[in-house]
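Colleague: give me coordinates for this.
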Amino acid sequence: MPKILIVDDQRNMRTTLAMMLRGAGYEVDEAPDGEQGSERGATGAFDVVLTDLRMGSKDGIEVLRAVKEAQPMTEVIVMTAYGTIESAVDAMRLGAFDYIQKPFTEQELLVKVQKALDNRRLAGEVAFLATEFKDRYKFENIVGRSRSVREVLGRIVRIAPTDAIVLITGESGTGKELVAKAIHANSKRADRSFVPVNCAAVTETLLESELFGHAKGAFTGAMSARRGMFEEADGGTIFFDEIAETPISFQAKLLRAIQENEIRRVGESKAVTVNVRIIAATNQDLLTAINEKRFRQDLYYRLNVARFQLPALRDRREDIVDLTNFFLDKYNRKMGVHAKLHDRAMEALMHYDFPGNIRELEHMLEQAVALAQNSMIHADDLITRQATLAQPGGVTGGRSLSEIVDAAERGAIEVALRESDGSRERAAEALAISPTTLWRKMTRLGIVFETRGSM
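Modeller: As a prediction, the model looks like this:
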């Protein structure tokens, strides 16, 4: 039976919550203050700790820190009152699973608790896999605790030791090559070569020579014989990135090489036997490509033995915080700085759709760390780029960069002013910039707005 600890300095609240949770079948204990809540929560006796955010000398943030430091697997839900949402966001950055705002219904509470319990169970499975990955599979760069990530990791464990051909699909930037490398590192071929081939970057005239090699004098400029990538990968793995970009005239030769485990160098008639594992990836819909006669159906069926569909980042938003912290730590160490993310900057990331997925998030944070002033990354450092990418007609929409940036800033400022009833002071706070900076931007952009508050 799952065990829940309620930490609240209001006796009536504790009693009501305990009745709700016990009625749902949970075992419940109560702590009347943050001091006892921290001590009991740190014992590891509870699956979930439900703590009020504002208490006496020791508040919910301190309870959260004590619990997560001693028992990282215990999930913490913080209860907040109106006006403390920023503190709740801070709590989630410190490791809280979720927050619930008072007043809330019994159904809302039970849903939050059940999700926390589900996440604890999944986190336990991921932790077990992660331990094996770090020791045996070298998967420490796969970040995330979402169900979709757990499923990918679980399938890698099963598929990687085999020699099955793997097809990885998903949008650009979702980590297809990282998964391919993880599969290779977890295979019997891990001590042999992993050879990546960017099919989109090799011209059609050179593709056959690059993959199969060529004999001396096979074509103009072939001054000596050369082994191709298939031979370089012999005994290991060859990774075809953007497989849909290969010309259909070449696909028949590739299919034969995969089926027969042999290749012929350009300009030679003798076959060369190769032993390679094939992993292919694409961001395109191959069935659509087949219907449009751009991809061979027989090659598709040959590749589609074990398929991994990687989710877009917008479909696994629960991983954004972990990924953000991972990249911040990576680039802080790389650049020798200590940049931190403002709460509103994290909120901006959580509400952004990331058309470029994980790759876009990484590049965004790398740039933000490099340009961070006073070691703090504010929301407008990220929002400008988001708004730019969201413009109709692609990145530029036919406009110059300065015009795009001005339009994004003007839109953000006007929205903030409307939502703050014309108060520049509150608008500046919402945009995470100083009132002086807001005034300068309004003056430069020619924004006139009736003010009802002081600067």
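Colleague: any weak-confidence spans in this structure?
Modeller: Scanning the chain with the threshold set as pLDDT under 70 gives 82-85, 125-141, 217-223, 373-374, 383-408, 449-455.
Colleague: which stretches of the stretch 351-455 of the chain form helices?
Modeller: 357-371, 379-389, 401-419, 424-430, 435-445 (DSSP state H, counting those that start in this stretch).
Colleague: format the ones you listed as JSON lines; extra columns: mean neighbour count and distance to Asp59.
Modeller: In short, each C-beta sits where N, CA and C put it, glycine included. JSON lines is the format used below for these (neighbours: other C-beta atoms under 10 Å; distance: least, C-beta to C-beta, whole Å):
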{"stretch": "helix 357-371", "mean neighbour count": "19", "distance to Asp59": "30"}
{"stretch": "helix 379-389", "mean neighbour count": "20", "distance to Asp59": "25"}
{"stretch": "helix 401-419", "mean neighbour count": "16", "distance to Asp59": "29"}
{"stretch": "helix 424-430", "mean neighbour count": "19", "distance to Asp59": "23"}
{"stretch": "helix 435-445", "mean neighbour count": "15", "distance to Asp59": "30"}
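Colleague: adding distance to Ala91, write the ones you listed out as CSV.
Modeller: Below are those laid out as CSV (distance: least, C-beta to C-beta, whole Å):
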stretch, distance to Ala91
helix 357-371, 22
helix 379-389, 19
helix 401-419, 24
helix 424-430, 20
helix 435-445, 28
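Colleague: ok, longest helix in the chain?
Modeller: Secondary structure assigned by DSSP state H gives helix 106-132 as the longest helix of the chain.
Colleague: by contact count, what packs against that one?
Modeller: Identification of packing neighbours for helix 106-132 by 3 or more C-beta pairs under 8 Å, 6 or more residues apart in numbering; DSSP states H and E yields helix 11-23, strand 48-52, strand 75-80, strand 98-101, helix 147-159.
Colleague: let's go with 10 Å and repeat that
Modeller: When contacts are defined as 3 or more C-beta pairs under 10 Å, 6 or more residues apart in numbering; DSSP states H and E, helix 106-132 sits against strand 3-7, helix 11-23, strand 48-52, strand 75-80, strand 98-101, helix 147-159.
Colleague: to Asn332, which of the ones you listed lies closest?
Modeller: helix 147-159 (23.5 Å; C-beta to C-beta).
Colleague: what's the first helix or strand after that closest one?
Modeller: Per DSSP states H and E, helix 147-159 leads on to strand 166-169 as the next helix or strand towards the C-terminus.
Colleague: partners of that following strand in the sheet?
Modeller: Strand 166-169 pairs in its sheet with strand 277-282 (parallel), strand 306-309 (parallel), by DSSP bridges.
Colleague: can you add mean neighbour count and distance to Ala45 and give the ones you listed back as a markdown table?
Modeller: Below are these laid out as a markdown table (neighbours: other C-beta under 10 Å; distance: least, C-beta to C-beta, whole Å):
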| stretch | mean neighbour count | distance to Ala45 |
| --- | --- | --- |
| strand 277-282 | 25 | 45 |
| strand 306-309 | 16 | 38 |
